[in-house]
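> I'd like to go over a predicted model; first the sequence, then the structure.
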Amino acid sequence: MQGQEAAGATPTPRPEKSSAGAECCQLVQGPIIVGAGPSGLAVAATLSRHAVPFTVLERSDGIADLWTNRTYDRLRLHLPKVFCELPHARFPADFPTYPSKHDFLRYLRSYAARFGVSPLFGRTVTRARFDAAAALWRVTAVSAADGGRATEYASPWLVVATGENAEVVVPRVKGMERFDGEVLHSSAYRSGERFKGRRVLVVGCGNSGMEMCLDLCEHGAKPFMSVRSGVHVLPREMFGSSTFGIAMSLLKWLPIKVVDWLLLLVARLVLGDTEKHGLRRPKLGPLEIKNITGKSPVLDVGAWSLIKSGNIKIVPEVESFSGNGARFVDGNEMAFDAVICATGYRSNVPSWLKDGELFTEDGKAKAQQQQQPSNQWRGPNNGLYCVGFSGRGLLGAGADALRAAADIAGRWQEWVAAAPGPKISSSV
Ligand SMILES: Cc1cc2nc3c(=O)[nH]c(=O)nc-3n(C[C@H](O)[C@H](O)[C@H](O)COP(=O)(O)OP(=O)(O)OC[C@H]3O[C@@H](n4cnc5c(N)ncnc54)[C@H](O)[C@@H]3O)c2cc1C
Ligand SMILES: NC(=O)C1=CN([C@@H]2O[C@H](COP(=O)(O)OP(=O)(O)OC[C@H]3O[C@@H](n4cnc5c(N)ncnc54)[C@H](OP(=O)(O)O)[C@@H]3O)[C@@H](O)[C@H]2O)C=CC1
Ligand SMILES: O=C(O)C(=O)Cc1c[nH]c2ccccc12
């Protein structure tokens, strides 16, 4: 809400020398939100409806960097649109059931405009710590465009909205640097067009790996999918309705283990035995494993039939790479022209947030790990919030955003009532 009127009387920001070595400190009005993806936008929009000002810091040069710059062309939401809407704004009626990433981006841009969310772009947050003496979060952001200049922002409230997919995970496999062909992460893959006629090894069998193999096939490439521990594949739809929607309805009445059992029964009838084709199913059911570890089931949009027909070949875990190919853990060797690491993502929170309460050492929400997702959005009374770390996709992000913003709004009103000093009109 930069540039928007402040909601009430607050102390005047006083530039000062920062303890972190940043050039100056700006006390901003309302919370600092780190990240302008769907989670950051949702919490900002909700704050705006509560008339609470905020400052959004985003490392990229636009909103929703993941969706804009780190996803492939054919990507569609794999949950029906009703499960992917952010708070306070429906998708347009003419959107298809499974909106494309371009539809989704169009929605996010109009969402940001509608709720007056204007992030400060090109600001990478490199450090945030709670200054207990001042009861403020001190947040250092570096601006590459400004020659790496660091600025410190301060606020009693900090919302972490940098996402579960902030950084790529690329495995260290013996000999990878010796491989002569192209190696890329799935976040850099756009389309199979330029791989036509080439043998491509896709490492990983999550939704990215599966959809990239499908896309490669459709562009006349020859994909091989390397599988380490297996995955649950479910049809995206069952009995003409979305599998996810059916699962959500069943969960209202039945325990998760029973719902998982039913999903797997139908999946078996519709898809057949995935293990027979090299895709082992994990021991825990698809919803339970998602809840416990965050590992998503594959919602199949066409790759499965290509695996069955042998157009996508399943290969084991890679043991090592050579100049022209890979050796697998079963001892077989194959030549490849390119390797795509569809090996997932990780949070970057541990690299910048100094906090031992809300996040685990690997940057996941602690409460989500302890299976208390309804609890995971607020730190223990030090003004720290996290939005979008519940392992429940856009739906979870929206729910977190509503709770975090309502809580901050209550505290903001108290803070404004208590704070002396003149009114000021903009947040930074
Ligand atoms: C390929 C793909 C498809 C997906 N499809 C679906 C789907 O169909 N349905 C669903 O529910 N979920 C889906 N997801 C899950 C996805 O994580 C969420 O949809 C959504 O993007 C989460 O939003 P977010 O704002 O929490 O995180 P992100 O979208 O990752 O946004 C985080 C933002 O924070 C910024 N940022 C990160 N670090 C810093 C920093 N240090 N300083 C400043 N800014 C920073 C990033 O640049 C980014 O703009 C998908 C994920 C992927 C990878
Ligand atoms: N259409 C859509 O809506 C899409 C949604 N998504 C979502 O994006 C998120 C990320 O998905 P995705 O990018 O597929 O990542 P995932 O984390 O879901 O999958 C990563 C895959 O890489 C494998 N892997 C990781 N490290 C190694 C290694 N060292 N050696 C071998 N294999 C390895 C994993 O195997 P293992 O299990 O053995 O660790 C797993 O199969 C998910 O939430 C997913 O649902 C993604 C694409 C499309
Ligand atoms: O795309 C994802 O992985 C998501 O996070 C969406 C999502 C939330 N809960 C789920 C349960 C089953 C499949 C996908 C999801």
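Now that the structure is in, tell me what you want to look at. Note that the coordinates shown come from a computational prediction; the quantities given were computed from them, not determined experimentally. Ligands and ions are numbered 1, 2, ... in the order given.
> next one: the residue in the stretch 51-200 of the chain that ligand 2 sits nearest to from Ser226, what distance?
Nearest residue of the stretch 51-200 of the chain to ligand 2: Pro171, at 3.0 Å (CB to the nearest ligand atom). For every residue, glycine as well, the C-beta is placed using N, CA and C. With the distance defined as CB to CB, to the nearest Å, Pro171 ends up 10 Å from Ser226.
> just Lys354 next, same as before
From Lys354 to Ser226 the distance is 37 Å (CB to CB).
> name the residue in the two with the higher neighbour count.
Neighbour count, other CB atoms under 10 Å: between Lys354 and Ser226, Ser226 has more, with 24 against 11.
> ok, the more buried one - contacts?
Ser226 makes contact with 201-205, 315-318, 326, 328, according to CB atoms under 8 Å, 6 or more residues apart in numbering.
> at 7 Å what do you get?
201-203, 315-318 (CB atoms under 7 Å, 6 or more residues apart in numbering).
> mind listing residues that contact the helix or strand hosting Ser249?
Element membership for Ser249 (DSSP states H and E) is helix 243-251. Contacting residues not belonging to helix 243-251 are listed as 79-80, 83, 234-238, 259, 262-263, 287, 299 [CB under 7 Å, 6+ apart].
> go on, stretch 34-41?
Residues contacting stretch 34-41 (CB under 7 Å, 6+ apart): 33, 56-58, 63-66, 86, 108, 111-112, 117, 119, 125, 159-163, 387-388, 394, 397, 400-401.
> restricted to strands, list those.
33, 56-57, 125, 159-160 (DSSP state E).
> which among the residues you listed count as buried?
33, 56-57, 125, 159-160 (16 or more other CB atoms under 10 Å).
> among those residues, which ones lie close to ligand 3?
Applying CB under 6 Å from any ligand atom, the subset of these adjacent to ligand 3 is empty.
> looking at those, which is nearest ligand 1?
Nearest member of these to ligand 1, counting by CB to the nearest ligand atom, is Val125, at 3.7 Å.
> ok so, going back, could the ones in strands among the contacts of stretch 34-41 go into CSV alongside distance to Ala42 and pLDDT?
Output for the ones in strands among the contacts of stretch 34-41, formatted as CSV (distance: CB to CB, whole Å; pLDDT from 0 to 100):
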residue, distance to Ala42, pLDDT
Ile33, 10, 98
Val56, 11, 98
Leu57, 16, 98
Val125, 18, 98
Val159, 10, 98
Val160, 13, 97
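> can I get these in TSV with distance to Phe91?
Below are these laid out as TSV (distance: CB to CB, whole Å):
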residue	distance to Phe91
Ile33	23
Val56	22
Leu57	27
Val125	30
Val159	24
Val160	26
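> could I get the residues you listed as CSV with distance to ligand 2?
Shown next, in CSV, are the ones in strands among the contacts of stretch 34-41 (distance: CB to the nearest ligand atom, whole Å):
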residue, distance to ligand 2
Ile33, 22
Val56, 23
Leu57, 24
Val125, 22
Val159, 21
Val160, 18
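> pull up the residues of the stretch 101-250 of the chain that are close to ligand 3.
Checking the stretch 101-250 of the chain against ligand 3 by CB under 6 Å from any ligand atom, the hits are Phe244.
> where does the stretch 101-250 of the chain have low pLDDT?
For the stretch 101-250 of the chain, no stretch has pLDDT under 70.
> for burial, what's the neighbour tally of the closest residue to ligand 3 within it?
Distances between the stretch 101-250 of the chain and ligand 3 by CB to the nearest ligand atom are smallest at Phe244, namely 5.7 Å. Counted by other CB under 10 Å, the residues lying close to Phe244 total 22.
> okay, now the domains of this protein?
4-166+347-418, 169-341 (automatic domain parsing).
> out of these, which is the most enclosed?
domain 4-166+347-418 (a mean of 19; mean count of other CB atoms under 10 Å).
> and that one, anywhere near ligand 1?
Yes. Judged by CB under 6 Å from any ligand atom, domain 4-166+347-418 comes into contact with ligand 1 through 34-40, 57-60, 64-66, 71, 75, 77-79, 84, 124-125, 161-166, 348, 352, 388, 393-395, 397.
> centre of the chain to that domain, how far?
12 Å (CA atoms, centre = their mean, to the nearest Å).
> any idea how far whichever residue of the stretch 301-428 of the chain sits closest to ligand 3 lies from Pro282?
Per CB to the nearest ligand atom, Gly393 is where the stretch 301-428 of the chain lies closest to ligand 3, at 2.8 Å. From Gly393 across to Pro282, the span is 19 Å (CB to CB).
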